[in-house]
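Visitor: Quick one, fold the following:
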Amino acid sequence: MIHHPKSSHIDPLEITLKEEHAYYSHVEAKPNGKPWYNDIKMYLEKQEYPEDITSGQKKTMRRMANSFFLNKDVLYKWTPDLGLLRCVDAIEATELLEEVHAGTCGPL
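Guide: Numbering: from 1, shown residues only. So this is what the prediction gives:
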């Protein structure tokens, strides 16, 4: 057994419940019909910036591009543990979420 001092205070955990399931929070398509990562991918492929961006936005894009890796046509994001996360568009993300929640990928 451990001696528990009477003067210590433990903060209670706050648990919130969502009103809808997680798979309702899917990725939305951009208005121009291109995936969210299109600008980063184009910069890595051709070293070209999107039209009408400022010099500050160019600097941000260069900094962001350092955390991405392009392998042929597939874009990956580096993780802190040196793993790679595959970047997907809105349609593929929705399909993957439906497969996971339907159990077609098999049990974990």
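Visitor: the helices in this protein, which residues?
Guide: Using DSSP state H, the helices assigned to the chain run over residues 38-46, 55-65, 90-102.
Visitor: Can I get these in TSV including distance to Tyr76?
Guide: Any C-beta I mention is one placed from the backbone N, CA and C, and that applies to glycine too. As requested, these are exported to TSV (distance: least, Cβ to Cβ, whole Å):
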stretch	distance to Tyr76
helix 38-46	11
helix 55-65	12
helix 90-102	14
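Visitor: Pick the most deeply packed of those.
Guide: When neighbours are counted by mean count of other Cβ atoms under 10 Å, the highest per-stretch mean among the helices of the chain falls to helix 38-46, a mean of 16.
Visitor: ok and that helix relative to helix 55-65, angle-wise?
Guide: 80 degrees (axes from the mean of the first three to the mean of the last three Cα atoms, to 10 degrees).
Visitor: Could you check how far Ile91 is from Asp73?
Guide: 16 Å (Cβ to Cβ, to the nearest Å).
Visitor: Please read the previous query as pertaining to Thr60.
Guide: For Thr60 relative to Asp73 (Cβ to Cβ), the value is 24 Å.
Visitor: ok, now Arg86?
Guide: Distance from Arg86 to Asp73, by Cβ to Cβ: 11 Å.
Visitor: what about those two, which has more around it?
Guide: Arg86 (11 against 7; other Cβ atoms under 10 Å).
Visitor: got a list of what the more buried one touches?
Guide: When contacts are counted by Cβ atoms under 8 Å, 6 or more residues apart in numbering, Arg86 touches 74-76.
Visitor: who touches the most centrally placed residue in the chain in this structure?
Guide: In the chain, the residue lying closest to the centroid (Cα atoms, centre = their mean) is Cys87, at 7.6 Å. Contact partners of Cys87, counting by Cβ under 8 Å, 6+ apart, are 35, 37, 41, 68, 74-77.
Visitor: can you list these in TSV and add pLDDT and distance to Thr16?
Guide: Listed next are those as TSV, based on pLDDT from 0 to 100; distance: Cβ to Cβ, whole Å:
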residue	pLDDT	distance to Thr16
Pro35	86	31
Tyr37	88	30
Lys41	92	36
Phe68	92	32
Val74	92	36
Leu75	93	33
Tyr76	93	32
Lys77	92	28
